[in-house]
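Peer 1: Here is a sequence with its predicted model. Questions after.
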Amino acid sequence: MSSNGRKIRDQIFALLSRKDYRPLNKIEIARKIGVSGSARVALRRMLRDLELAGEIARIRKDRYVLPVEADLVTGKLSIHPVGYGFLAQEKSGEPDVFIAAENIGTAMHGDRVVARMSPEAPSRRIKGRREGRVIRILERAHDTIVGTLQRSRSFYYVVPDDPRFVHDVYVHPTQDRRAQAPGTVGDKVVVRLGAWESRHVNPEGEIIEVLGPASAPGVDVLSIIRKYHLPTEFPSDVLEQAERIPERVEAQQIAGREDLRNQFIVTIDPDDARDFDDAINVEKLANGGWQLGVHIADVAAYVEPGSALDREARLRGNSVYLPDRVIPMLPERLSNGVCSLKPEVDRLTHSVFIQFDKRGVAKSARFARSVIRSAHRLTYKQAYAILNSPPRDRLAERLHLAWELAALLRRKRFEHGALDLDFPEVKVWVDTQGKPVRLERVENDESHQLIEEFMLAANEAVARELKRRAIPTVYRVHENPDPEKLAEYREFALSFGYKVGDLTHHGELQRLLAETRGKPEEQALKIGLLKSLKRARYDPQPLGHYGLAKTNYLHFTSPIRRYADLVVHRALGSDTAARRSYRMGMAEIASVAEHISTTERNAADAEIDATQMKKLEFFQRQLAGRKPQMFSATVVDVRNYGLMVELPDALITGLIHVSSLTDDFYVFDPARRQLIGRRSRKRFRVGDNLSVFVARVDLFKRQVDFAIAPATEKSKASGRSKRSSKNA
């Protein structure tokens, strides 16, 4: 900001802060602070920028005030599918504000808005929260939406795919220049939203792309891609630059690097991985300790700051992994080619060597640019099989040695306060048409834990080193949770019958998580805890990582798929004279951190959305089959309207509605959280294991209903005495 800009900014705040200030418009403000002529352009620009930043607010008749003086708050609006919303305040530490449906106005999900706080007492609808009313939209989150084209008698409209967009959008079907065909009813379409001025009429828009019939192969994932504005093609200059990079490492690139090609280095990745950006080796030392080597693809050797490749990688922020495709941060020539640590070929790497004593305490760390030749490419399944068998060859011996260290580091990490928030995952396998054919539960077993511990150790070592050198970089931070959120979560845990103390203490949280392990409600309680914690993000300051219980932490180990790691690699190598020009200033670091935090959230939401969609499609196909598949299910909650069940092999929750329990009339016992048969006295409780089949799928609401298989229903009572339950 120029000195003149700072002067105008200071004058604005001085005026708006005066005790006798009454709200003025921009013309009156210009007169008050003595700005005239061409300087008024700078004043108008400053008022606009300050308003967008939430530092001042514009109220009735375009008059400006300080938000706190008018009881105004700025933040991001999240809308629930039934219509109400919550405003997440931008001011750190402040609670969310409840916004009733009638007070949302023309704001949409994700919009950045200004809300006026209600003068009444805290909301009776949402305990302990104040209410607000949206008075201004600062920034629209979306200028397009994806949905299904429908038609009434007199007009066309689009039903948004995202139920949080609670209004249908009126459209005039137009010629899609790319598809060369107008949209027809039932097509998935992309709509550019027009200005929406009145809550009393639906928003309007223009169809700008017809994706095709909703049931056509690939259209469902393409809808997700458009919904989250994910890029599908690389610009030509990016591809041209990538094509100029040699596919093999050349001799001159190795000069000056530490040669590790004779060391026994391996990679361990998922079965279907195509890019391998991390490799490891572990050696036992004479003093009883270990040396860990973590070798990460040196993407910075190929992607120069400011180049076309770098600009595109920064824009994308990260790769996105969808069930039927990967949208990479870097072109395939790099991500799956010269940067991927494939076995038996030379690859440029950035290595971290950490020496641990026999207690697992890190004693020293060294960093070097290196060249490796991976000896083996292992899948997680292969590594797991080796770790669960006696070692019979060199590979198995080295892997068992590595697990000794990883197990020690993992135990010490939890002793230090880390939270066990690991979740199993479900991979959706699709056929060539993109149809889901199989769900596979992927456990966080020893093979995953081994790699996880070594990557955590390398990330922490690099964070300490860059902090010691005082080199600006992007840290991975996870701030302490809001005590009020933890108090709400405590009430949730108490409802399951657990004795819970003060959850602001790491030890109490760890104890609760340990007590729930293996219980039917474990998944629900872990998800509830995650919702109570703040979301991890990137920041220029080392603010610590609450979940990992680490003071200094960043991301270094995945530069092929995360731009944050590429920034860190450049910072770590910036001490050499040739690389000092790569250093970024704090302002640029802050800008990058904010941007990649946003792209990461967007990618995660897209991945979750796509996976959930494919799971629902998988269950919908069960309805069409002649012989419905039976699934194991566990009752995780009991309500007056039915049983909430989770399918552990699919990690999906659904409802068995009480109306489907036709063998008796069931009465809800809220004290014991049971459904009890009035005639048979048969009981359904949390923890019951059932065999179920799919009864109904609602793709729009993202809900699945199940029914109990007849054999299970008949045999439940006889098996009751053999089962123990903490809620019995």
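Peer 2: Received it, and whenever you're ready, just let me know what you need.
Peer 1: Find the nearest non-adjacent residue to Thr557, please.
Peer 2: Met455 (4.5 Å; Cβ to Cβ, 6 or more residues apart in numbering). (Each C-beta comes from the backbone N, C-alpha and C, glycine too.)
Peer 1: An error on my part: the question was meant for Ile135.
Peer 2: Using Cβ to Cβ, 6+ apart, the nearest residue to Ile135 is Arg116, at 5.2 Å.
Peer 1: returning to that earlier point: just read off the phi/psi values of the residue nearest to Thr557.
Peer 2: Backbone torsions of Met455, given as degrees, to the nearest 10, read phi -70, psi -40.
Peer 1: try Met46
Peer 2: Dihedral angles for Met46 - degrees, to the nearest 10 - are phi -70, psi -40.
Peer 1: okay, now it: neighbour count?
Peer 2: 22 (other Cβ atoms under 10 Å).
Peer 1: Could you report the distance from the closest residue to it other than its chain neighbours to Ala587?
Peer 2: In space, and not counting its chain neighbours, Met46 is closest to Ile8: 5.1 Å by Cβ to Cβ, 6+ apart. As judged by Cβ to Cβ, to the nearest Å, Ile8 and Ala587 stand 20 Å apart.
Peer 1: Then Val667?
Peer 2: For Val667 relative to Ala587 (Cβ to Cβ), the value is 64 Å.
Peer 1: go on, Glu69?
Peer 2: For Glu69 relative to Ala587 (Cβ to Cβ), the value is 29 Å.
Peer 1: looking at it, Thr184 is touching Leu149, isn't it?
Peer 2: Yes. At 7.0 Å, Thr184 counts as touching Leu149 under the criterion of Cβ atoms under 8 Å.
Peer 1: In terms of neighbours, single out the busier of the two.
Peer 2: More neighbours surround Leu149 than the other of Thr184 and Leu149, with 22 against 14 (other Cβ under 10 Å).
Peer 1: which other helices and strands contact the host helix or strand of the more buried one?
Peer 2: Assigned by DSSP states H and E, Leu149 belongs to strand 144-151. Applying 3 or more Cβ pairs under 8 Å, 6 or more residues apart in numbering; DSSP states H and E, one finds that strand 144-151 contacts strand 156-160, strand 169-171, strand 187-193, strand 204-213, helix 219-227.
Peer 1: After the last one, which helix or strand is next?
Peer 2: This points to helix 219-227. Following helix 219-227 in sequence, per DSSP H and E, is helix 236-243.
Peer 1: list the contacts for Ala564?
Peer 2: The contact partners of Ala564, by Cβ atoms under 8 Å, 6 or more residues apart in numbering, come to 474, 476, 538, 554-555, 593, 596.
Peer 1: Between all of these, which two are separated the most?
Peer 2: Within the contacts of Ala564, two members stand farthest from each other by Cβ to Cβ: Leu554 and Ile596, at 12.1 Å.
Peer 1: Show me whatever sits in contact with both of the two.
Peer 2: 474, 564.
Peer 1: Neighbour count: the two, which is higher?
Peer 2: Of the pair Leu554 and Ile596, Leu554 is the one with more neighbours under other Cβ under 10 Å, namely 28 against 22.
Peer 1: Quick check: which element contains the more buried one?
Peer 2: Short version, using DSSP H and E: Leu554 is in no helix or strand.
Peer 1: Let me know the pLDDT of it.
Peer 2: Leu554 carries a pLDDT value of 98.
Peer 1: now it: how far from Ile589?
Peer 2: 12 Å.
Peer 1: can you check Gly625 too?
Peer 2: On the measure of Cβ to Cβ, Gly625 and Ile589 end up 54 Å apart.
Peer 1: more crowded one of these two?
Peer 2: Counted by other Cβ under 10 Å, Gly625 and Ile589 do not tie: Ile589 has more neighbours, with 21 against 9.
Peer 1: which residues sit in contact with the more buried one?
Peer 2: Here Ile589 is in contact with 472-474, 540, 567 (Cβ under 8 Å, 6+ apart).
Peer 1: hmm, back to that, doesn't the residue nearest to Ile135 belong to a helix?
Peer 2: No. Using DSSP: H, G, I helix; E, B strand; the rest coil, the secondary structure at Arg116 is strand, not a helix.
Peer 1: That one touches Ala70, doesn't it?
Peer 2: Yes. Look at Arg116 against Ala70 with Cβ under 8 Å: they come within range, at 7.0 Å.
Peer 1: More neighbours: which of the two?
Peer 2: Arg116 (20 against 17).
Peer 1: That one: what's it in contact with?
Peer 2: Arg116 touches 70-72, 132-133, 135, counting by Cβ under 8 Å, 6+ apart.
Peer 1: 6 Å - rerun?
Peer 2: The neighbours of Arg116, taking Cβ atoms under 6 Å, 6 or more residues apart in numbering as the test, are 72, 133, 135.
Peer 1: which one of these is nearest Ile708?
Peer 2: For these, the nearest to Ile708 is Arg133 (46.2 Å; Cβ to Cβ).
Peer 1: hey, where'd the helices end up in the stretch 551-700 of the chain?
Peer 2: Using DSSP state H, counting those that start in this stretch, the helices of the stretch 551-700 of the chain run over residues 563-572, 586-624.
Peer 1: which one of those helices lies closest to Arg63?
Peer 2: Closest among these, once you apply Cβ to Cβ, is helix 586-624, at 30.2 Å.
Peer 1: isn't the residue nearest to Thr557 right next to His555, touching?
Peer 2: No. With contact defined as Cβ atoms under 6 Å, Met455 does not reach His555; the gap is 9.2 Å.
Peer 1: more crowded one of those two?
Peer 2: His555 (23 against 18).
Peer 1: list the contacts for the more buried one?
Peer 2: Contacts of His555 (Cβ under 6 Å, 6+ apart): 476, 562, 564-565.
Peer 1: Quick check: it vs Asp539, distance?
Peer 2: 12 Å.
Peer 1: Next: Ala214.
Peer 2: 41 Å.
Peer 1: Of Ile8 and Ala587, give the one with the bigger neighbour count.
Peer 2: Shown here are Ile8 and Ala587; by other Cβ under 10 Å, Ile8 has more neighbours (22 against 10).
Peer 1: isn't that one right up against Leu47?
Peer 2: No. Taking contacts as Cβ under 6 Å, Ile8 lies outside contact range of Leu47: 9.2 Å.
Peer 1: I'd like to know which of the helices and strands packed on strand 144-151 lies nearest to Asp605.
Peer 2: With Cβ to Cβ as the yardstick, what comes closest out of the helices and strands packed on strand 144-151 is helix 219-227 (9.3 Å).
Peer 1: buried residues in that closest one?
Peer 2: 219-227 (16 or more other Cβ atoms under 10 Å).
Peer 1: and what of stretch 671-678?
Peer 2: Buried residues in stretch 671-678 (16+ other Cβ under 10 Å): 673-677.
Peer 1: Out of these, which comes closest to Ala107?
Peer 2: Nearest member of the buried residues of stretch 671-678 to Ala107, counting by Cβ to Cβ, is Arg673, at 37.8 Å.
Peer 1: contacting residues around the nearest residue in space to that closest one that is not next to it in sequence?
Peer 2: The shortest distance from Arg673 to any non-neighbouring residue, by Cβ to Cβ, 6+ apart, is to Val638 (4.6 Å). Counting by Cβ under 6 Å, 6+ apart, Val638 makes contact with 673-675.
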